[in-house]
Structure formats: structure tokens, C-alpha cells
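# what would the 3D arrangement of this be:
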Amino acid sequence: PLILGHRGASFHIPEHTLPSYRLALELGADYIEPDLVATKDNVLVAMHDVDLNVTTNVHSYNDGEFRERARQSEANGDRWGYYVNDFTWVELQQLRVRQRVRTGTDGGARYDGYDYLFQIPSFTQIVNLLHDWNTRELTLIGRPSKTGGVTGLYVELKKSYYFEQDGNVSLADLFLDELAEHPKASELLFDHVTLCEGLKFDEYRVPPLVLQSFEGNVLEYLRTKFKERWMDFVEEDAILASGVVNATGEENDEVDHPWIPPLVLLVPESKCRQETFWFDVESLHISGLGPNKNCLLPSLDAMETNDTVAIGRAKREAREWVAKAHSIRLAVHPYTIKLETDEPGGVPQLFSSAEEELRYYYCELKIDGIFSENIEIAQIVGAEGCEEPPAPVVGKPTVCIKKERNLWLFGVAFMAIGAFLASIVSTYVTFYCKKETNTNRPLPLPEVDTSLELVQDEEEDEII
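Here you go, the predicted structure:
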């Protein structure tokens, strides 16, 4: 399965920072995943929450310089916060990011030594980082064969509805504009039209750009705009040179509009089991689903009570859910793997570790990719495959021999014991009989004539 670096390598380094993305690249992630939001001056930046106070020092910065910016937002459920769209790009650069996960009982919280060291990155900076990694650094350190050496960008447009309501800003249009204006975006994110040439049968190439959203209407809008603005992203010569022709007569985005990136619908737990879910999904022009992993797990009550019947039923329904997605040509990329067992969204009670949880998704459900905050764990479990490892030997090993070999050995042993007993009996009888003969029937010894010459008789040798 594909390994999707959730907000970078966020288990090790504070999420949505350039070092976090860089570590995910070095650990071999197939994608890095930035969540994009907009500043007051319409610059796209990477931030999971529209409230800066969740993961930055905005409240305490410079003895509370920005405290008067705190407000309620109707578009965000009337919650108080320091909203990102109230700050300019320059102001955001003064803030620093910290780890999101702050508590933990099994081994302590995540390492906080990098807290408040790194800035919030812009989308432009992330593209620059990825371009430099793919085009310069990988040529020096070698390219992993599984992806052709190119890591992709898996972008989420975060809470588009919020920016529409709170600031009358279209996050999708901002994204398209920045993408079209970036001098390296076309080379980095839209070269898949011809880049699959020369791949061997056992190699694959991930699409360089994937877009995801919880809002289906946003994905449909992006699809339409990519079709309209295709000249902003790709060269016409590259499309003509690909030689791909749609001979079916029916519109097919993969053939007719190959520059449109795969679109993935994110699915919250509240929607994945709705009766109309699959009907709504099939009405969209998408390439995949990103379900909350709880969509593929038994209920919390079933796990807490160890209800084996309910757990078995839930696992069967999860397999059917993934199989249904595959039957309509949709990839399945659940979110998110976390190592903590005592955090919301961490390891479910059904499993003893994140490794066991990953094997469930990989081997039982046959998913296509996974969002993980710890890249190396997802890599290791994927590399191990789905075969059951041999059970460890406890105590002295038991030697198992085939039945036919057992019979042969028993026969040989029986013959050896029989021969040994027979030799003992034979020796005893011979000795006993000789003793009885010498005792009860003595024979007189003949007198020897010493004057006669001794002549050896051959027949005598035979008797004696």
C-alpha cells in the first residue's frame, strides 16, 4: 500500500512544518500531505486548524501581542479562536509551531524538543521543497524503484466552507491560481502525462498530485476548473506527444483530460454507513475514498465488551465496504495511524499495537494506501507482507517425524532388541548345556602315545 505522510512525519516533528515534510521524504513516504488554508492576504499556508491557537504560540507571542485578535466565528460554530484568515503571511511568519499531541501514558508524550522552533510554511515553499527533493537530491542518493523515485503531493483543501462564509474567499480558486503561477508546479505536478513511459511491468508511478476534500462539491468544482484551465498547467505538445487516444466515444478523464489530478473524497465516520452513501459517491467524478478508520472498525462498545459476534460482523462489513469501493474503481486510503494507545484516534482496543492494526488494514481489508504519522512503522509492516510469521519456540523443541519414517525406525529398533535378546539366550543355553554335560557324563581321557608322529587330519579340523 501507498504510505501517505500525514502532515509530514508528524509523530517525530511538529506537523505541517518543512522539517516534518522533509523527514517524511527521507523515510520513504509515497506522498506528503499538506492541509491548505488561506491568510488574510490570500496566501495559502499549511495548517490543519483554522484556529492558530491549537498548534502555535499565537496566544503568548511577544507577551500577548495578538490577543486582541481572538474572536468568535459563526462559520466555525461560534468557537473562540485566533483565526488564520485574520493574520497576514508576514504576521504568521513570526509564530512558531508545537506538537499537537501533548499527553500520553504509555511511554510519555511525543518528543517536544522541537516545539516552537519551526515556522508555518506556505504552499509555495512546500512545492519548492518537493521539487528540490525529486529533481536534485534523489539523483544524488538514488531513486527507489517502487515509485520511479518521485514523491507526490497529497493536498487537502481545509474547510472551504469556512472561508466562503467567514471571508468570502474561494479556497479552490486560490489553489488553482497559486498552482498556475508557480514556475515549478507544471514540471513537478503535471508531468505524469508522459512520465510513465519506460516503466517495467513490476514498477509503478504514483500520480504526482492528488487532491482531497470532505466536500464533494469542491472536488467537482476543481474538476471543472482543471478542464477549463488546462493550458495553465500543461503544455499542449506534451499531451499530443503522449499519443493517447480515447477510442470509446465516451468521456474519460483519465484519457481525455489526463492533467486532472485524482480527486479523493474524505469520509467522516458519520457518513460512511448512511443508506445513501454509495449512491452519493457514484454521482461524483472521483478516484478514491479516504474514510475515517472507524468506518472499518467495530464499534467502541463491541471492542470494550469483546463482543466476538459484533466484532466478526463489523470486520465482514469492512471487507465488503472496501470491496464495494474497488468494484467501482475507487482506491481506499483510510486515516490515520497513530502509535499512541491512549489518544483519540490512536490504536483501537481491538489491537495491541499500531503494527497489528496496520496488518488488519493491509492483509484483511486489502486497502490501497494509509495515512500514517509514523512513516517507518507503515513501511516495515508493508515490507513484511501478509504471511504469518513462524511461532517462536518455547522450551525444548519438539521433533516431528513423518508416520512412515516412524514405522521404519520402530521396525529397526525391534529387530535390534530381538537380536540382542536372542544372543543372550543363545549364550546362556550354550553355557548351561556344556556345564550339565561336563558334570553328569564325564569322559575318560585317552592316553597319548608320544612315540607317534602327529599328523593333522583335515576331517578332524572340520569336526573340532
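
# which parts of the stretch 101-250 of the chain are helices?
123-132, 138-141, 160-167, 171-181, 185-189, 192-195, 216-228, 236-242 (DSSP state H, counting those that start in this stretch).

# just for the stretch 101-250 of the chain, where's the confidence low?
103-109, 142-149, 191-204, 235-250 (pLDDT under 70).

# let's see 80
Judged by pLDDT under 80, the stretch 101-250 of the chain has its weakly predicted residues at 102-109, 139, 141-150, 190-206, 234-250.

# need the helices of the stretch 101-250 of the chain in CSV (columns: distance to residue 274 and mean neighbour count).
For glycine as for every other residue, the C-beta is placed from the backbone atoms N, C-alpha and C. Shown next, in CSV, are these (distance: least, CB to CB, whole Å; neighbours: other CB atoms under 10 Å):
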stretch, distance to residue 274, mean neighbour count
helix 123-132, 33, 19
helix 138-141, 43, 11
helix 160-167, 19, 18
helix 171-181, 25, 18
helix 185-189, 33, 19
helix 192-195, 34, 17
helix 216-228, 13, 17
helix 236-242, 39, 12
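
# between these, which gets nearest to residue 116?
helix 123-132 (18.8 Å; CB to CB).

# counting contacts, what elements does the closest one pack onto?
Contact here means 3 or more CB pairs under 8 Å, 6 or more residues apart in numbering; DSSP states H and E; on that basis helix 123-132 packs against helix 18-26, strand 44-46, strand 152-157, helix 171-181, helix 185-189.

# now the ones you listed as TSV including distance to residue 8?
Formatted as TSV, the helices and strands packed on helix 123-132 follow (distance: least, CB to CB, whole Å):
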stretch	distance to residue 8
helix 18-26	3
strand 44-46	9
strand 152-157	11
helix 171-181	19
helix 185-189	18
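
# out of the ones you listed, the one nearest residue 303 is which?
strand 152-157 (28.4 Å).

# partner strands of that closest one, with direction?
strand 31-33 (parallel), strand 35-38 (parallel), strand 209-213 (parallel) (DSSP bridges).

# CA atoms only: put the longest one into PDB for me.
Same thing as strand 209-213. What follows is strand 209-213 as a C-alpha-only set of coordinates in PDB (Å, rounded to 0.1, in the frame of the first residue of the first chain):
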ATOM      1  CA  LEU A 209      -0.600  15.400  -7.400                       C
ATOM      2  CA  VAL A 210      -3.700  14.200  -5.500                       C
ATOM      3  CA  LEU A 211      -6.500  16.500  -4.200                       C
ATOM      4  CA  GLN A 212      -8.800  15.600  -1.300                       C
ATOM      5  CA  SER A 213     -11.700  17.200   0.500                       C
END
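
# how big is the angle separating that strand from helix 216-228?
Put simply, strand 209-213 runs at 150 degrees to helix 216-228, going by axes from the mean of the first three to the mean of the last three CA atoms, to 10 degrees.

# how far off centre is strand 209-213?
19 Å (CA atoms, centre = their mean, to the nearest Å).

# residues touching it, excluding its own?
31, 152-157, 160, 189-190, 219, 222, 261-266, 287-288, 290 (CB atoms under 8 Å, 6 or more residues apart in numbering).

# taking the centroid of this structure, which residue is nearest it?
residue 378 (3.8 Å; CA atoms, centre = their mean).

# for the spatially closest residue to residue 89 that is not a sequence neighbour, what are its contacts?
Take residue 89 and drop its neighbours on the chain: the residue closest to it by CB to CB, 6 or more residues apart in numbering is residue 43, 4.1 Å away. Applying CB under 8 Å, 6+ apart to residue 43 gives the contacts 88-89, 122-123.

# do residue 59 as well
53, 66-67, 70, 82.

# just the buried members of these?
Buried members of those, counted by 16 or more other CB atoms under 10 Å: 53, 66, 70, 82.

# look up how far residue 321 lies from the residue nearest to residue 130 when sequence neighbours are not counted.
Distance criterion CB to CB, 6+ apart; nearest residue to residue 130, sequence neighbours excluded, is residue 153 at 6.0 Å. Applying CB to CB, to the nearest Å, the value for residue 153 to residue 321 is 27 Å.

# same question, residue 15
28 Å.

# kindly report the same for residue 89.
41 Å.

# compare the two (neighbour count), which wins?
residue 321 (21 against 16; other CB atoms under 10 Å).

# and the helix or strand hosting the more buried one, what does it pack onto?
Using DSSP states H and E, residue 321 sits in helix 308-327. Secondary-structure packing of helix 308-327 (3+ CB pairs under 8 Å, 6+ apart): strand 288-291, helix 300-304, strand 331-332.

# of the helices of the stretch 101-250 of the chain, which is nearest residue 340?
Taking the helices of the stretch 101-250 of the chain one by one with CB to CB, helix 123-132 is closest: 26.3 Å.

# residues in contact with the closest one?
When contacts are defined by CB under 8 Å, 6+ apart, helix 123-132 is touched by residues 18, 21-22, 25, 32, 34, 36, 43-46, 121, 151, 153, 175, 178, 182, 184-185, 187-189.

# ok, now which ones touch residue 355?
Neighbours of residue 355 in contact, by CB under 8 Å, 6+ apart: 377, 380-381.

# which residue sits closest to residue 326, ignoring its sequence neighbours?
Using CB to CB, 6+ apart, the closest residue to residue 326 is residue 332 (7.3 Å).

# between the contacts of residue 43, which sits nearest residue 1?
For the contacts of residue 43, the nearest to residue 1 is residue 123 (26.5 Å; CB to CB).

# roughly how far apart are the closest one and residue 3?
Plainly put, residue 123 is 22 Å away from residue 3 if you go by CB to CB.

# what do you get for residue 355?
From residue 355 over to residue 3 the distance is 14 Å, taken as CB to CB.

# residue 351 now?
Taking CB to CB, one finds residue 351 at 19 Å from residue 3.

# of the two, who's got more company?
residue 3 (23 against 16).

# how many neighbours does residue 364 have?
Neighbours around residue 364, by other CB under 10 Å: 14.

# just the buried subset of the contacts of residue 355, please.
377, 381.

# that's all I had, so thanks and see you.
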